[in-house]
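*Asks:* just a sequence and a predicted model for now, questions to come.
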Amino acid sequence: MKPLLLLCTVFFVAFECQAQIQSVTDDNLDKKVLAVNLSGSDMLTVEMRQELLLNAEQYAQVEQLNKDRFKLLQDAESKYAHNPEMLSLAKQAVTTKCDKALESVLSEPQLRSFLELTGRQDLLLMSEIGK
């Protein structure tokens, strides 16, 4: 019984130590964004400015691109609300169009970071295959 109790104690201590090592990378940014009353494209733009270190010119271009993106997505949702398959295709088309526009605004490291932030880092690798 004692070895089992000792083993459980060691397990829980090791588990707790591992949890302490884990860190949240953008917790402060999330708190700042939530403290400001932002929604949709504005929230995305603020996060991109912080995470991608955009300069003033890039920020203005990204801000307009994000507004356009959200407008196109809203239009698609209202147009294809009854047809989930068409809505999905429309959203993919909007995302592809906006990503292509971002390629001309962001540097390569910024683009890689953007795709990683959005969970699409494999997209950049796939596009490099055709080069």
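*Replies:* Happy to help now that I have it.
*Asks:* which parts of this structure are helices?
*Replies:* Under the criterion DSSP state H, the chain contains helices at 2-21, 27-35, 40-52, 56-79, 84-105, 108-117, 121-129.
*Asks:* what does the fifth one contact?
*Replies:* Where contact means CB atoms under 8 Å, 6 or more residues apart in numbering, the residues beyond helix 84-105 that reach it are 58, 61-62, 65, 68-69, 72-73, 76-77, 79-81, 111, 114, 123. From N, CA and C alone the C-beta is placed, and that goes for glycine too.
*Asks:* and residue 99, how close does it get to residue 72?
*Replies:* Taking CB to CB, to the nearest Å as the measure, residue 99 falls 13 Å from residue 72.
*Asks:* give me the phi and psi for the residue nearest the centre of the chain.
*Replies:* Against the mean C-alpha coordinate of the chain, by CA atoms, centre = their mean, the closest residue is residue 118 at 3.0 Å. Main-chain dihedrals, residue 118, degrees, to the nearest 10: phi -90, psi 0.
*Asks:* separation between it and residue 72?
*Replies:* 17 Å.
*Asks:* just residue 91 next, same as before
*Replies:* In this view, residue 91 and residue 72 are 9 Å apart by CB to CB.
*Asks:* again, but for residue 64
*Replies:* Plainly put, residue 64 is 13 Å away from residue 72 if you go by CB to CB.
*Asks:* tell me which of those two has more neighbours.
*Replies:* residue 72 (17 against 14; other CB atoms under 10 Å).
*Asks:* excluding covalently adjacent residues, which one is nearest to the more buried one?
*Replies:* Leaving aside its sequence neighbours, residue 72 sits nearest to residue 94 (CB to CB, 6 or more residues apart in numbering; 4.5 Å).
*Asks:* show me where pLDDT drops low in the chain?
*Replies:* Per-residue confidence for the chain (pLDDT under 70) gives these ranges: 19-26, 30, 32-39, 120-131.
*Asks:* let's see 90
*Replies:* Within the chain, the stretches with pLDDT under 90 are 1-54, 66, 69, 73, 76-77, 79-84, 87-88, 91-104, 106-131.
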